[in-house]
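S.K.: What follows is a predicted protein model with its sequence.
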Amino acid sequence: MRLKEVRRRCRKTISRLDIPEPFDLQELCRRIAASRGRPIDLVPTVMPLHGPTGVWIATSGRDYILYEQNTVTLHQEHIIVHELGHLLDDHGGTGLLTSDIARLLLPDLDGQMVSRVLGRTAYSDEQELIAETIATMILEAVNRWKPLSEWEAPASGAGARHRIHLTVEPSTERWPQ
Ligand SMILES: [Zn+2]
């Protein structure tokens, strides 16, 4: 798919969203969940050191978005809207994480059927591009409505800023962003 087509596809996806104004990520997730008829749980998690910073887990009845808890809000929002990008474009077809990893990430799921566990690494480059384009478009739309000052990272967040950099810049690390 060419970049132009990716953008068109993502714009179409975004146009179907009821993005709350002023922006509220929890509320956006609630509205998406309502339209899909499947609850979305946002779960702050200590993600594995060299693993993804976010993961979407689809079970038979609910969607879970796990996101790194030890980073600034700005980065967490980016992680979550990126995972929403995968969810909205229905990237359900490719590789699976094992249920062992799912249980490690989400102990509450123990005993519950995990039908699909999707990590960033499981997607094709094209799916990553689509998810990231959706994330960028949502955040761009939000930025038009929200004072930029609210997006500033705290001065103490040097480590977090490094991680933001890893997310924003094309990464050569083992886990593609
Ligand atoms: Zn991704």
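M.R.: That came through fine.
S.K.: now residue 29: how far from residue 83?
M.R.: Using CB to CB, to the nearest Å, we find residue 29 at a distance of 10 Å from residue 83. Glycine gets a C-beta too; all of them are placed from N, C-alpha and C.
S.K.: do the same with residue 69
M.R.: Shown here: residue 69 relative to residue 83, a distance of 14 Å by CB to CB.
S.K.: cool, residue 138 as well?
M.R.: Separation of residue 138 from residue 83 (CB to CB) stands at 12 Å.
S.K.: the more surrounded of residue 69 and residue 83?
M.R.: Each of residue 69 and residue 83 had its neighbours counted (other CB atoms under 10 Å), and the higher figure belongs to residue 83 (29 against 11).
S.K.: Helix or strand next in line after the least confident helix or strand in the chain by mean pLDDT, which one?
M.R.: In the chain, no helix or strand scores lower on mean pLDDT, DSSP states H and E than strand 116-119, which sits at a mean of 43. Of the helices and strands lying after strand 116-119 in sequence (DSSP states H and E), the nearest is helix 125-145.
S.K.: Just the buried residues of that next one, please?
M.R.: Burial within helix 125-145, assessed by neighbour count using 16 or more other CB atoms under 10 Å, is assigned to 127-139, 142.
S.K.: Which neighbouring elements make contact with that helix?
M.R.: helix 3-15, helix 73-88 (3 or more CB pairs under 8 Å, 6 or more residues apart in numbering; DSSP states H and E).
S.K.: ok, residues contacting that helix?
M.R.: The contact list for helix 125-145, computed with CB atoms under 8 Å, 6 or more residues apart in numbering, reads 1, 3, 6-7, 9-11, 13-14, 17, 19, 21-23, 28, 77-78, 81-86, 88-89, 91, 94, 120, 123, 151, 176-177.
S.K.: Now do it against helix 3-15, angle only.
M.R.: Compare the direction of helix 125-145 with that of helix 3-15 by axes from the mean of the first three to the mean of the last three CA atoms, to 10 degrees and you get 50 degrees.
S.K.: what about helix 125-145, average pLDDT?
M.R.: Throughout helix 125-145, pLDDT has a mean value of 89.
S.K.: swap in stretch 54-69?
M.R.: So the average pLDDT for stretch 54-69 ends up being 83.
S.K.: buried stuff in it?
M.R.: Neighbour counts over stretch 54-69 (16+ other CB under 10 Å) mark 54, 55, 56, 57, 58, 59, 63, 64, 65, 66, 67, 68 as buried.
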